[in-house]
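Engineer: Predicted model, plus sequence, below.
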Amino acid sequence: MTKYSESCREILSLMKARKNVLISGPPGTGKTTLLAEVAHAFQDLPTPASPAASRPVIRPGSKVIPSGMTATKSDSAEHELTLPAANRSKRKVFQTVFHQNMKYRDFVSGIIPSLKTPGQFDVSEGLLLKASEFAKQSDGASLLIIDEINRGPAVQIFGGSIVAMEWDKRLNPDNSPRPTTQFFELLHPSTGNQEPYAFPAHLYILAAMNQADVSVDALDVAFLRRWAPHRLVPSESALRDHLSLGKRSVLPETPTSVADVYEALVQAWAMVNERIALGRGPEFQIGHGMIMSVATPSAPDLPTALAHLIASWNLILAHLEEVFFADIRGVAAALNASEGSGGDGYVLANMSFAGEPRNILRRPDIQKDKVYKLLRSVIG
Amino acid sequence: MNTSDKAFYGLKRLVFREVMPGDRLKVVAKSNKTKSGGGARDLRFSKMEKLLPILEKLFPKVEKRVRLRGGVRGPADVRVTDLHWVDERGSVRSEEVALELPTDGRKKEPRIATVHRYESFSDLPPETEGQAVTILAQDAEGRVWPFTASEASLRGHKSQTESWDPDVANYILEALKEKERKTDAAIGYIDYDSSDRFHN
């Protein structure tokens, strides 16, 4: 059985308790990776320990590495505790990505033209309904994953079903109604009639969104309160682990090791993020995953690390200019640019165009022999 | 973080080193040569070519520290990890411990310097229980936990309240018995991830 991350285990626990979980966070904080991990974990039923795979365990507080306990058993037991519907073996993951053209009929049900019989109409069975029907089987459990949930008109797409999705509005595990079960009207694909419909106990919905996406509908409070939130933030420690760096250290004047170069990268990234949070809001920050997406050399020497630094810094710059689009002073502030003339870093200069004052940002060439000093000036 | 009796974690790997009489003095900050309490209080790991790859997994992070190298003080790489233990109130505590990489003077011996400063190494078994080892064990979460064990506890002597895992105990006892030279500390590792093990 695979070992799952702390975030994955937390989401499994949240789903077990609240059925619906919404992951949010800036780009590059690992939302989509986490969705994939949870999808894998959901289908990974605990299995009995195999003697060949067993190993001793550490029990915090014990003075010994104790006899008579094996790790495989421990991992399985832990996973079983957090896994939703762990006693159900028929498990399926349904996945979709919301977009601007998505409709209620695509996700729940509705009338659509029949492709088999021209001129006729069919009733569609959307992914939410498919996942719900799968989970209504006697040994069934479904996980519906929705990426980019706020890239479509989510409130319209869910329609009346939002009243029935909450954990305490579901059916019993045997599909019998509870006093609190909430029904909504559904055009049922098998009958073509409007029928009351409720969601089963073992339908789990996991969605992800980036709040900084401005091209989409805002989610209203009534919709959001039906989800257990799980927020991801840029993680300096994740980036440090990725680059095999220890705790923060003072940067020397000139880099003498690969660790110095990566330390400059991490500190510059963290400082730019701090300024973005101040200038535009934390949802616009740069996730650690964006830096980790730049291929890290396996055994870098100083020149290779500097080349890696340049590639990573260019990525940060591109994001920064998008975040502060048409706001040259914002970009300058995030880069700790000096006004007037200046040293190793960025410079915000005052110019005149057609008799009007203009600001321009002077950008030093990003070369291997200069990039370290440039980043030191950004850190300030 | 609090822990409970039910929490346990798979063992990824462990490194062990025999505690020699001189090491006991280092832990309590007493020199074995002078009354002043001076002398190097380092826990050294010989057999570097065998041990260093495992130690690097236990001490995964590289940090710069000011060190004397080749007669010059300057930044040098050390590897660090957090050692974890549970205090009397049941809370998990940790302290950072540094592994010094081989130096000009000790070209083949990574070492944990100034061991007397670390709480993790303070709890040695009494000499009456026979040979003793200190163990650094890494769990499935990557955390490193220190242990000490005496020959008696490894053999499961009736005075012991808890018994050691037989695979771990038997391998360390074998190392204590079969070490190459009596004056050398028995040293070795078991890596359950790679199914590899070694002792001198």
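Structural biologist: Ah, there it is.
Engineer: what pLDDT does residue 186 get?
Structural biologist: Unless you meant another one, I'm taking chain A. The model reports A:Leu186 with a pLDDT of 94.
Engineer: think we crossed wires, I meant chain B
Structural biologist: Model confidence at B:Ala186, given as pLDDT, is 91.
Engineer: distance of it from B:Val133?
Structural biologist: According to C-beta to C-beta, to the nearest Å, B:Ala186 stands 7 Å off from B:Val133. The way it works is simple: take the backbone N, C-alpha and C, and place the C-beta from them, glycine included.
Engineer: again with B:Arg89
Structural biologist: Plainly put, B:Arg89 is 28 Å away from B:Val133 if you go by C-beta to C-beta.
Engineer: By mean pLDDT, which helix or strand of chain B comes out lowest?
Structural biologist: Comparing every helix and strand of chain B by mean pLDDT, DSSP states H and E singles out helix B:21-27 as the least confident one, with a mean of 71.
Engineer: Cross-check the contact I'm expecting between A:Gly287 and A:Thr32.
Structural biologist: No - using C-beta atoms under 8 Å, A:Gly287 is not in contact with A:Thr32, being 10.9 Å away.
Engineer: Which one's more surrounded, the two?
Structural biologist: A:Gly287 (24 against 16; other C-beta atoms under 10 Å in any protein chain shown).
Engineer: before we move on, the earlier item: okay, B:Arg89 and B:Val133: which has more neighbours?
Structural biologist: The neighbour count for B:Arg89 versus B:Val133, taken as other C-beta under 10 Å, is higher for B:Val133 (24 against 7).
Engineer: can you pull the contacts of that one?
Structural biologist: B:Phe16, B:Arg17, B:Glu18, B:Val19, B:Thr148, B:Ala149, B:Leu154, B:Ile172, B:Leu176, B:Ala186 (C-beta atoms under 8 Å, 6 or more residues apart in numbering or on different chains).
Engineer: could you pick out which of those residues are near chain A?
Structural biologist: The overlap between the contacts of B:Val133 and the neighbours of chain A (C-beta under 8 Å from any C-beta of the partner chain) comes to B:Ala149.
Engineer: By pLDDT, give me the weakest of the contacts of B:Val133.
Structural biologist: Lowest in pLDDT among the contacts of B:Val133 is B:Val19, which has 87.
Engineer: what's the distance between it and B:Val168?
Structural biologist: B:Val19 sits 17 Å away from B:Val168 when distances are taken as C-beta to C-beta.
Engineer: buried residues in the longest helix along chain B?
Structural biologist: Scanning chain B for the helix with the most residues, using DSSP state H, yields helix B:166-178. The neighbour-count check on helix B:166-178 (16 or more other C-beta atoms under 10 Å in any protein chain shown) flags B:Asp167, B:Val168, B:Ala169, B:Tyr171, B:Ile172, B:Leu173, B:Ala175, B:Leu176 as buried.
Engineer: next one: stretch A:244-255
Structural biologist: Across stretch A:244-255, burial judged by 16+ other C-beta under 10 Å covers A:Leu245, A:Gly246, A:Leu251, A:Pro252, A:Pro255.
Engineer: Provide the contact partners of stretch B:175-189 at residue level.
Structural biologist: Counting by C-beta under 8 Å, 6+ apart, the neighbours of stretch B:175-189 from elsewhere in the structure are B:13-20, B:23, B:45-47, B:50-51, B:54, B:131, B:133, B:151, B:171-172, B:196-200.
Engineer: residues of that stretch that come out buried?
Structural biologist: Along stretch B:175-189, the positions that meet the burial threshold by neighbour count (16+ other C-beta under 10 Å) are B:Ala175, B:Leu176, B:Lys179, B:Ala185, B:Ala186, B:Ile187, B:Gly188, B:Tyr189.
Engineer: picking up where we left off before, A:Leu375: which of the buried residues of stretch A:244-255 is nearest?
Structural biologist: Using C-beta to C-beta, the shortest approach to A:Leu375 within those belongs to A:Leu251, at 8.6 Å.
Engineer: Which helix or which strand is home to that closest one?
Structural biologist: Assigned by DSSP states H and E, A:Leu251 falls within no helix or strand.
Engineer: Okay, the residue lying farthest from the centre of chain B and chain A: tell me how far apart.
Structural biologist: With distances taken from the mean C-alpha point of chain B and given as C-alpha atoms, centre = their mean, the most distant residue is B:Val72, at 28.8 Å. According to C-beta to the nearest C-beta, to the nearest Å, B:Val72 stands 13 Å off from chain A.
Engineer: Specify the beta-bridge partners of that residue.
Structural biologist: For B:Val72, the beta-bridge partners under DSSP bridges are B:Arg69.
Engineer: and whatever residue of chain B ends up closest to chain A, how many neighbours does it have?
Structural biologist: The nearest approach of chain B to chain A comes at B:Gly10, 2.6 Å away (C-beta to the nearest C-beta). Each residue near B:Gly10 was counted by other C-beta under 10 Å, and the total is 24.
Engineer: same for the helix or strand hosting it, what does it pack against?
Structural biologist: Under DSSP H and E, the secondary-structure element containing B:Gly10 is strand B:9-19. When contacts are defined as 3 or more C-beta pairs under 8 Å, 6 or more residues apart in numbering or on different chains; DSSP states H and E, strand B:9-19 packs onto strand A:57-58, helix A:71-82, helix B:48-58, strand B:132-139, helix B:166-178, strand B:187-191.
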